[in-house]
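Chemist: fold the following for me, if possible:
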Amino acid sequence: MEYAEFIRLFRQRAANRMEEFEQALAAAQQQATQSLDTVEKSKKPAVPLERKVQPVKRSTRGRGPVQSILRNV
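Modeler: Numbers count the residues shown, from 1 in each chain. The predicted model follows:
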């Protein structure tokens, strides 16, 4: 086999592999798009949860007369 023939066959094989790769890539992209569409269709619209707002319970520690005397010292 001559070098020129080897190069020609190599390029032909490389072109065939690239074509197969592009077809596989296109199929994978199409499948991903279909999966995404399916997921989006099956999603239900988000309903915000209503919660009651509870007042914050504050600690009474540190507010008595003993604490104020200790702070002044």
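Chemist: and the helices in the protein?
Modeler: Taking DSSP state H, the helices of the chain run over residues 3-42, 65-72.
Chemist: gap between stretch 18-25 and the chain center?
Modeler: 26 Å (CA atoms, centre = their mean, to the nearest Å).
Chemist: can I get it in PDB, CA atoms only?
Modeler: C-alpha atoms of stretch 18-25 as PDB (Å, rounded to 0.1, in the frame of the first residue of the first chain):
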ATOM      1  CA  MET A  18     -17.300  12.100  11.700                       C
ATOM      2  CA  GLU A  19     -20.600  11.600   9.800                       C
ATOM      3  CA  GLU A  20     -21.600   8.800  12.300                       C
ATOM      4  CA  PHE A  21     -20.700  11.000  15.200                       C
ATOM      5  CA  GLU A  22     -22.700  13.900  13.900                       C
ATOM      6  CA  GLN A  23     -25.700  11.700  13.400                       C
ATOM      7  CA  ALA A  24     -25.400  10.300  16.900                       C
ATOM      8  CA  LEU A  25     -25.000  13.800  18.300                       C
END
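Chemist: so for that stretch, mean pLDDT?
Modeler: Stretch 18-25 carries an average pLDDT of 97.
Chemist: show me the shaky parts of this protein.
Modeler: Counting by pLDDT under 70, the chain contains low-confidence ranges at 59-73.
Chemist: from the chain's centroid, how far away is stretch 25-40?
Modeler: Distance, centroid of stretch 25-40 to centroid of chain: 16 Å (CA atoms, centre = their mean).
Chemist: save the helices of the chain as CSV, and put in mean neighbour count too.
Modeler: The way it works is simple: take the backbone N, C-alpha and C, and place the C-beta from them, glycine included. Shown next, in CSV, are these (neighbours: other CB atoms under 10 Å):
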stretch, mean neighbour count
helix 3-42, 10
helix 65-72, 8
